[in-house]
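A.B. asks: based on what follows, work out the 3D shape:
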Amino acid sequence: MKKYLLVILACLNLFKTPTYSQTIPYHDHVMIVILENKNYGSIIGSSDAPYLNSLLADSNCALLEKYFALTHPSQPNYVRLFSGDGQSVILDFDPISSTLPYTTENLGGSLLKKGYSFIGYSEDLPSVGYTGSDVGQWVRRHCPWLDWQDASQNGIPAKDNLPFTSFPSDYDSLPTLCWVIPNLDNDMHDGTVPQGDAWVKKNLAGYVKWAKTHNSLLIITFDETESYISNNKVPAIFIGQNVIGGSYSNTKYNHYDMLRTLEEMYGLPYAGESSSGNSIYEIWKNTVITFTHDFYVSDDVTIQIYPHPIASSATMLVHGLKVNHTSDIHLKIFDITGKEITAQMNIGGIQQAKGGDLSIDIDRGNLSGGTYFYEIINKDKLVAKDKFIIQ
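C.D. replies: The predicted structure is shown next:
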């Protein structure tokens, strides 16, 4: 009877959903630049934005071709990207003073609580720590960290709300993560696309060059499109030392996904809707993907693939699998239709490392970029089945 019970339990475990985790590479510095109200096609491929388009040819620059703002108008997008929640903000008016400061989790507050640093730089901010209404070409609605300034929980200190004139020339002195907000003329809201493009080149080209050799990152995106009737698709550009250059169109992302990606980068709690978002994994050189399977009662198998996504080659490590002979292990590859395509991928010999771990060298062979599935077979038994991505 006990034997039959174990068989039943093992069969039930075959239908458990495997869990997996991925690690986004840590960056010493991240800079986020938010520009204003432009459709994807108004920037990407446009002669009006020569500098931004020149970045796309860089081997350390990734373009997300399916990145979307969340709503209209501007302010709700900024607040959502910063905190994962609209905080009841639906228009561009100053938030009701009696509701401020907010105390909910947010990107800046979470960084500070974990011992990292955060600064919001905004062009033409009247003074350090200013939280008043619009002045000249500076507008409050583009600086979401103001809404949490000096809060008792998850607060942003006034000293971290700085004018762009405080932006350092020594990039090593930058905080762990900063937001950079140009004024209305230079963010393309009131000014032109060429004007905003020139501002980015003048003020940030030095950081771009530096970031590619100093484990750092620049993110450039837009709050929303210029038209309420569009699909809200906006450019999202990542450039830095850990980025795999190219255009990415396999997955749709939005501002919540951007927030989740940054939270995972620094091991922060998920704020608001970022908890149900999708992290942006495929653009990084040094991502490690770890799968944990419970296919058999007697085995707790963990698989690591690194680097992931796979650009040319990678190593698969299998932990916790009891193996008598490496010749008993077989790796099979399938496309998204379920067709086996193992022969199209170069799979090296299976090595048994110290401690019993298995190491399998894999090469993409002639497979094109996309999502694939693998199975690991021990003799005739399925050990693990899950997905991986080829860049």
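
A.B. asks: where is the longest helix in the chain?
C.D. replies: Counting by DSSP state H, the longest helix found in the chain is helix 193-211.

A.B. asks: which elements pack onto it?
C.D. replies: Packed against helix 193-211 by the contact rule (3 or more Cβ pairs under 8 Å, 6 or more residues apart in numbering; DSSP states H and E) you find strand 29-35, helix 50-55, strand 216-222, strand 236-240. Using the backbone N, CA and C atoms, a C-beta is placed for each residue, glycine as well.

A.B. asks: can you list the strands that the helix or strand just after the shortest one pairs with?
C.D. replies: Moving toward the C-terminus from strand 236-240, the first helix or strand encountered (DSSP states H and E) is strand 246-248. For strand 246-248, the pairing partners within the sheet under DSSP bridges are strand 61-64 (parallel).

A.B. asks: can you list the domains in the chain?
C.D. replies: Residue ranges for the domains of the chain, per automatic domain parsing: 8-22+287-390, 27-276.

A.B. asks: quick revisit: average pLDDT across the longest helix of the chain?
C.D. replies: For helix 193-211, the mean per-residue pLDDT is 98.

A.B. asks: please compute how far it lies from its chain's middle.
C.D. replies: 22 Å (Cα atoms, centre = their mean, to the nearest Å).

A.B. asks: got the CA coordinates for it in PDB?
C.D. replies: The C-alpha trace of helix 193-211 is given here as PDB (Å, rounded to 0.1, in the frame of the first residue of the first chain):
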ATOM      1  CA  VAL A 193      12.100  67.000 -30.500                       C
ATOM      2  CA  PRO A 194      15.400  68.300 -31.800                       C
ATOM      3  CA  GLN A 195      15.700  70.600 -28.800                       C
ATOM      4  CA  GLY A 196      15.100  67.700 -26.300                       C
ATOM      5  CA  ASP A 197      17.500  65.400 -28.300                       C
ATOM      6  CA  ALA A 198      20.200  68.100 -28.200                       C
ATOM      7  CA  TRP A 199      19.700  68.500 -24.400                       C
ATOM      8  CA  VAL A 200      20.200  64.800 -23.800                       C
ATOM      9  CA  LYS A 201      23.400  64.800 -25.900                       C
ATOM     10  CA  LYS A 202      24.800  67.900 -24.200                       C
ATOM     11  CA  ASN A 203      24.100  66.900 -20.700                       C
ATOM     12  CA  LEU A 204      24.200  63.100 -20.700                       C
ATOM     13  CA  ALA A 205      26.600  61.900 -23.400                       C
ATOM     14  CA  GLY A 206      29.500  61.900 -21.000                       C
ATOM     15  CA  TYR A 207      27.600  59.700 -18.600                       C
ATOM     16  CA  VAL A 208      26.600  57.300 -21.400                       C
ATOM     17  CA  LYS A 209      30.300  56.800 -22.300                       C
ATOM     18  CA  TRP A 210      31.200  56.400 -18.600                       C
ATOM     19  CA  ALA A 211      28.400  54.000 -17.800                       C
END
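
A.B. asks: let me see the contact set for residue 69.
C.D. replies: 77, 222, 223, 224, 225, 232, 234, 254, 255 (Cβ atoms under 8 Å, 6 or more residues apart in numbering).

A.B. asks: not counting sequence-adjacent ones, nearest residue to the third one?
C.D. replies: The shortest distance from residue 223 to any non-neighbouring residue, by Cβ to Cβ, 6 or more residues apart in numbering, is to residue 77 (4.4 Å).

A.B. asks: tell me if I'm right that the one you found and residue 71 touch.
C.D. replies: Yes: counting by Cβ atoms under 8 Å, residue 71 is a contact partner of residue 77 at 6.1 Å.

A.B. asks: anything in contact with each of these two?
C.D. replies: Contacts common to residue 77 and residue 71, judged by Cβ under 8 Å, 6+ apart, are residue 224.

A.B. asks: more crowded one of the two?
C.D. replies: Neighbour totals were compared for residue 77 and residue 71, and residue 77 leads with 27 against 19 (other Cβ atoms under 10 Å).

A.B. asks: returning to that earlier point: ranking the helices and strands packed on helix 193-211 by burial, who's on top?
C.D. replies: Comparing the helices and strands packed on helix 193-211 by mean neighbour count (mean count of other Cβ atoms under 10 Å), strand 236-240 ranks first with a mean of 26.

A.B. asks: rounded mean pLDDT for that strand, please.
C.D. replies: Across strand 236-240, the average pLDDT comes to 98.

A.B. asks: now do stretch 57-67
C.D. replies: Stretch 57-67 comes out at a mean pLDDT of 97.

A.B. asks: could you do stretch 327-340 as well?
C.D. replies: For stretch 327-340, the mean per-residue pLDDT is 82.

A.B. asks: now residue 48, nearest residue through space, not along the chain?
C.D. replies: Closest residue in space to residue 48, ignoring its immediate chain neighbours: residue 193 at 4.0 Å, by Cβ to Cβ, 6+ apart.

A.B. asks: hang on, isn't that neighbour packed against residue 49?
C.D. replies: Yes: at 5.5 Å, residue 193 counts as touching residue 49 under the criterion of Cβ under 8 Å.
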